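Colleague: Provided below are the primary sequence and the corresponding predicted coordinates.
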Amino acid sequence: MADETTILLLLSDSNLPTGSFVASSGLESFLKHGFGFVPSLPALTTTLSNNPGTAIGGVNQSQSPPTPTPSGSSTSKAEAITTFIRDSLSTYAPSALPFVSDAHYVVSALRSSGGGKEAPSRTLELLKELDALYEAMTLNHVARRASKAQGVALLSLYSKGFSHPPGLGLHFSSPSASSWNANATASDGRIDNATNDADTHMSTLVDTFKLAVRCGDTDAHGHLPVCWGVLCAALGLSLARTQHLHLYLHARSLLSAAVRLNTIGPYAAQQILLHVGGALVNVQLGKCARLRTGVRIAEGSSGGTNEEEERGWDETTDGPATTWPLGEILAARHDLQHSRIFNS
Amino acid sequence: MTSATAGRGRICLALHGSDAIFSELSSTYPLKLLSPRNERAGFAVVYMITYGGGLVSGDSVSLSVDVGPRANLVLLSQGSTKVFKFRPGQRAASTDALQVTTQRMEFSVASGGALFLLPDPVTCFRAASYNQLQTFHLAPDASLVLLDWVTSGRKSRGEDWVFARYYSVNEVLVGGRRVAKDVMLLENEDGDASGLPVRTLASKLAPYACYATLLLYGPQVQGVISALTEEYGRISVFKTGGPAGLLWSLSAVEDGGAVVRVAGDESEGVRRWLGEALGGLEMVVGLEIFRRAFG
């Protein structure tokens, strides 16, 4: 198995086919709705008084307020994007990280246990439970759609992109190499290396999970945070790295969207990522790394409120939540844009 | 010391012939349940009231509601639910200052029944901390209208999202299966380590002073849902120079339900919008009840 640095480099490659290229996580809609650039209070006041907006259509196009000073300076644009990233992270981290963490936990447990007879199916059940909960908690159809597309892409990435090429496997014929390929393992007959065993279990688990999603299993959706946890745990990446990289990539993908929306330039995007992005990610990690979904992922639990109390898990302080209702509304309104370049 | 209290309420409604009759309607201080007469067959209306006009730090209220087969319950409040950090007149000397105010409500709606939960918004005052946990167990052909909304505080005192914490969870299970779990946390935080200026809740939610979530589910609200869906589909957003005074979104949930979210620069505007958006409900609940809710 490759070392952690190599895995980090692989996973942070912006060319990975993960579908994040078509996601703006609400940024496009946010800007289109006139948020982000509020150059001065007078302009805002004009807007509001011109647009009582209580009519059931929401924004009435014929009454569009006059555009205030053409969308601000480059500094204010960079500020607007930074603020959006901050707010977006502040709601994405507490809603998604608990699912990343729990999925990582259950898959890591299977990986290190080597998998008994029961373990893989139990792991699959837990992943589906996490996935179904994320589906029920993601009540914005645009975000739900984007999350599924990217999650399933990650599962494919694991089985197609990170499995060992069959030809190379034979060529280098290291024991660990052959185990990447389930068929090769089967034909080998027996594996005496624990790591190989784990890799096989991981491939099987990911393939089974992906199949459940593809076949329309009512509980398996392939949501991004769950699949990210699965992928990273299957690759043996630590929980802390897994959490950090997930939020970092969320921030980077927003900046990439901002560049393609022509809001900021590529240099400004790098500046923001380097000087502010990392700090914003760390702030959210500090707050949300400890959050869990409440799904009973450990052995021997029977469930119920008393169970939660015993575990010391309090839904109101330790569970997932969204924190930015404005972001929810704007992201859900993505499809209403007359013209758009992103899928979310 | 604050006198933190635990109020309990219980409502059991069943249909006898065409009359919706309470087999139980009870509550303890500071919660009070009042049921005015109403003419609509199969319907009952209950007002949830808290003595003293609000809840204080440490208070907890729990309500358990059973709606029987084909019975219809409309739950309303009288004015907004006010959450104080301290009881009016009390000073900050209390040791309970950091305690949370909690409302926990469990609803179960049997086959063919309906629950219309249409309270006024929650208003959390400066530094207040509030948890609201609502769970809805619906039979597969039961119906639900769930309105949950929050305002930015007391405008008269210049309060603009300055409460400490607001946590609201609405979980809907249909036939035991979870179809929606909406969890919203609004929190004012101290500075963080990012080196950037503090991001206040007010700036994050600006320019809006009221946020509403509406969850619609079941056969009795299909008309309302399709009317709203059609209305929503007609919106076309062009680049605008600044935020509109009111924004709303609609997302479908499993099995024909819908989640509607609304943000408005004033809560009365949101109320008017809701009255219009839910206009189709007048056919379902009758004019008298509809006016009680949105009049």
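Modeller: Looks like it came in fine.
Colleague: helix or strand for the closest residue to B:Ser60 other than its chain neighbours, which one?
Modeller: Residue nearest to B:Ser60 in three dimensions, not counting chain neighbours: B:Thr102, with 4.4 Å by Cβ to Cβ, 6 or more residues apart in numbering or on different chains. Glycine gets a C-beta too; all of them are placed from N, C-alpha and C. Using DSSP states H and E, B:Thr102 maps to strand B:101-109.
Colleague: do A:Pro94 as well
Modeller: A:Pro94 belongs to helix A:74-113 when assigned by DSSP H and E.
Colleague: B:Asp190: neighbour count?
Modeller: The number of residues packed around B:Asp190, counting by other Cβ atoms under 10 Å in any protein chain shown, is 5.
Colleague: got a list of what it touches?
Modeller: With contacts defined as Cβ atoms under 8 Å, 6 or more residues apart in numbering or on different chains, the neighbours of B:Asp190 are B:Val198.
Colleague: which regions of the chain sit below the pLDDT cut-off?
Modeller: Defaulting to chain A. A:1, A:38-72, A:115-116, A:165-196, A:299-310 (pLDDT under 70).
Colleague: nope, chain B
Modeller: Along chain B, segments meeting pLDDT under 70 span B:1-4, B:86-98.
Colleague: okay, now the nearest residue to B:Leu216 once chain neighbours are set aside: neighbour count?
Modeller: In space, and not counting its chain neighbours, B:Leu216 is closest to B:Ala258: 4.8 Å by Cβ to Cβ, 6+ apart. Burial measure for B:Ala258: 23 neighbouring residues, criterion other Cβ under 10 Å.
Colleague: OK, contacts around B:Ala258?
Modeller: With contact taken as Cβ under 8 Å, 6+ apart, B:Ala258 is in contact with B:Leu215, B:Leu216, B:Tyr217, B:Ile225, B:Leu228, B:Thr229, B:Leu250, B:Ser251, B:Ala252.
Colleague: right, and the third one touches B:Gly175 too?
Modeller: No - using Cβ atoms under 8 Å, B:Tyr217 is not in contact with B:Gly175, being 11.8 Å away.
Colleague: Between the two, which contacts overlap?
Modeller: Common neighbours of B:Tyr217 and B:Gly175, counting by Cβ under 8 Å, 6+ apart, are B:Leu138.
Colleague: So for those two, which residue has more residues nearby?
Modeller: Relative neighbour count places B:Tyr217 above the other of B:Tyr217 and B:Gly175, with 29 against 12, counting by other Cβ under 10 Å.
Colleague: and the gap between the more buried one and B:Ile225?
Modeller: Using Cβ to Cβ, to the nearest Å, one gets 9 Å for the distance from B:Tyr217 to B:Ile225.
Colleague: Overlap of the contact sets of these two?
Modeller: Between them, B:Tyr217 and B:Ile225 share the neighbouring residues B:Gly256, B:Gly257, B:Ala258, with contact defined by Cβ under 8 Å, 6+ apart.
Colleague: So the last one versus B:Ser23, what's the distance?
Modeller: The gap separating B:Ala258 from B:Ser23 is 32 Å, by Cβ to Cβ.
Colleague: What's the local residue count around residue 122?
Modeller: Looking at chain A here, since you left the chain open. 15.
Colleague: um, chain B though
Modeller: The burial metric for B:Val122, expressed as a neighbour count using other Cβ under 10 Å, is 22.
Colleague: isn't it right next to B:Ser152, touching?
Modeller: No - between B:Val122 and B:Ser152 there is no contact, the gap being 11.1 Å when judged by Cβ under 8 Å.
Colleague: Spatially nearest residue to the residue in the stretch 101-250 of chain A that chain B sits nearest to, not counting backbone neighbours?
Modeller: Nearest residue of the stretch 101-250 of chain A to chain B: A:His141, at 4.1 Å (Cβ to the nearest Cβ). In this structure, A:His141 finds its nearest non-sequential neighbour in B:Ser251, 4.1 Å apart by Cβ to Cβ, 6+ apart.
Colleague: quick one: strands adjacent to the helix or strand harbouring that neighbour?
Modeller: Following DSSP H and E, one finds B:Ser251 within strand B:246-253. Strand B:246-253 has the following strand partners under DSSP bridges: strand B:257-264 (antiparallel).
Colleague: Centre of the chain to the partner strand, how far?
Modeller: Shown here is strand B:257-264, whose average C-alpha point lies 12 Å from the average C-alpha point of the whole chain (Cα atoms, centre = their mean, to the nearest Å).
Colleague: Check stretch B:262-274 too.
Modeller: Going by Cα atoms, centre = their mean, the spacing between the C-alpha centre of stretch B:262-274 and its chain's C-alpha centre is 14 Å.
Colleague: next one: stretch B:108-122
Modeller: That offset, for stretch B:108-122, works out to 10 Å (Cα atoms, centre = their mean).
Colleague: and the end-to-end length of it?
Modeller: Taking Cα to Cα, to the nearest Å, the first and last residues of stretch B:108-122 lie 23 Å apart.
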